[in-house]
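Asker: sequence unknown, structure follows:
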């Protein structure tokens, strides 16, 4: 196999789906001669493609038509699973019908075989450029300040089970009720979420319904699909049907971009980084609430995300760390975390499983049903900070400060260290 140079920050990152070694070698040679192209990896296993695409941050999936006898079905599945990726199919120059079917199934373009280096590189770069411009247009030129009225707050975690939905619900209600903001709460996952259970809502219209009706840029239709909670919080839910829940990330961002002008804040429950939507949502958001738990796996995954984000020039300054479930049996003592990492959390929420479970089972957010509880005060404090930032956004931390924090994270998780646990003899 041909050795490849290191990727530059601007290079187009390509994942090759093929079982033909000669084909793979050809593309490594093409990328080796063009510094704007970089092969992230190659695989012949169809069940690996989606996870590898996100792990290796591949912008293009290059499909060799010989990898399957069901090319059209494969392209369709890739398009559904990788809505924010560019799919290019390599097809014999004489097989016009196969190229047509691939495009209809969702491919963004195709290259002709046998491969010609200059022409192949040119087509790949042109196809990628066109798709990137189209995505920017669909999301409403998100960087234009006149369109970015309502603050978009994305709640997510680097590892599942950290409590993102609980925080998203109770913070959105706190912003609406206690900070007197006009708030929209949305489900941002690619699969059916749990907001309806947390808020005891029974929607008649959903995100998936807006997609099916091609109404993702229609403000009236979006507001018509919103459910009104007793707290006056407005909520946009996805369907409960797994077969109908597919909402591509472009459509989700378009709905957020269309609706944000009507609200002071749009809170998005994005789940974990494993969700295909998470990458685009993190880029689009104004504020990122990164929820972690005081356990080594959760802190480790959080550190990995922050380190990777910094390496890839992601705006770490808009990330605010929330430490959830503090004091749970077997968790790491909070003093050990703060002393070891020397870092500040934007918010800390105690572990109160009974109260949180009762609130969920009854469909009443604990910031309403348990107004005097400690965790209610903690969540309201986070909401207050977020509301204040909406009025006067803070300057991002200096690069030196970010680098010191990331350095401590790197040191902590690159060596085996004993950290005191809570509730463990």
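Answerer: Received the coordinates, thanks. Since the structure is predicted, the reported quantities are computational estimates derived from the model, not experimental observations.
Asker: what about residue 172, distance to residue 72?
Answerer: In this view, residue 172 and residue 72 are 42 Å apart by C-beta to C-beta, to the nearest Å. Placement of C-beta: from N, CA and C, glycine included.
Asker: what pLDDT, on average, does the strand or helix carrying residue 354 get?
Answerer: Under the criterion of DSSP states H and E, residue 354 resides in helix 353-362. Mean per-residue pLDDT for helix 353-362: 87.
Asker: In the stretch 51-200 of the chain, where is pLDDT below threshold?
Answerer: Scanning the stretch 51-200 of the chain for pLDDT under 70 picks out 136-148, 190.
Asker: And the strands in it?
Answerer: Using DSSP state E, counting those that start in this stretch, the strands of the stretch 51-200 of the chain run over 60-64, 86-92, 109-113, 151-157, 183-187.
Asker: Domains in the chain, by residue range?
Answerer: Domain ranges of the chain: 12-138, 145-413, per automatic domain parsing.
Asker: In JSON lines, list those domains along with mean neighbour count.
Answerer: Listed next are these as JSON lines, based on neighbours: other C-beta atoms under 10 Å:
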{"stretch": "domain 12-138", "mean neighbour count": "17"}
{"stretch": "domain 145-413", "mean neighbour count": "19"}
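Asker: Residue 290 is nearest to which of the strands of the stretch 51-200 of the chain?
Answerer: strand 151-157 (6.5 Å; C-beta to C-beta).
Asker: just checking, what packs against that closest one?
Answerer: Under the contact criterion of 3 or more C-beta pairs under 8 Å, 6 or more residues apart in numbering; DSSP states H and E, strand 151-157 touches helix 164-177, strand 265-272, helix 278-284, strand 287-292, helix 374-391.
Asker: Could you tell me the least trusted of those?
Answerer: helix 278-284 (a mean of 79).
Asker: Counting by contacts, list what that helix packs against.
Answerer: Packed against helix 278-284 by the contact rule (3+ C-beta pairs under 8 Å, 6+ apart) you find strand 151-157, helix 249-259, strand 265-272.
Asker: Turn these into TSV, including distance to residue 93.
Answerer: Output for those, formatted as TSV (distance: least, C-beta to C-beta, whole Å):
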stretch	distance to residue 93
strand 151-157	44
helix 249-259	31
strand 265-272	43
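Asker: Serialize the helices and strands packed on strand 151-157 to CSV and add fields for distance to residue 39.
Answerer: CSV is the format used below for the helices and strands packed on strand 151-157 (distance: least, C-beta to C-beta, whole Å):
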stretch, distance to residue 39
helix 164-177, 34
strand 265-272, 28
helix 278-284, 20
strand 287-292, 30
helix 374-391, 41
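Asker: wait, which of the ones you listed is closest to residue 221?
Answerer: strand 265-272 (16.5 Å).
Asker: And the helices in the stretch 101-250 of the chain?
Answerer: Under the criterion DSSP state H, counting those that start in this stretch, the stretch 101-250 of the chain contains helices at 117-138, 164-177, 195-199, 207-212, 219-225, 249-259.
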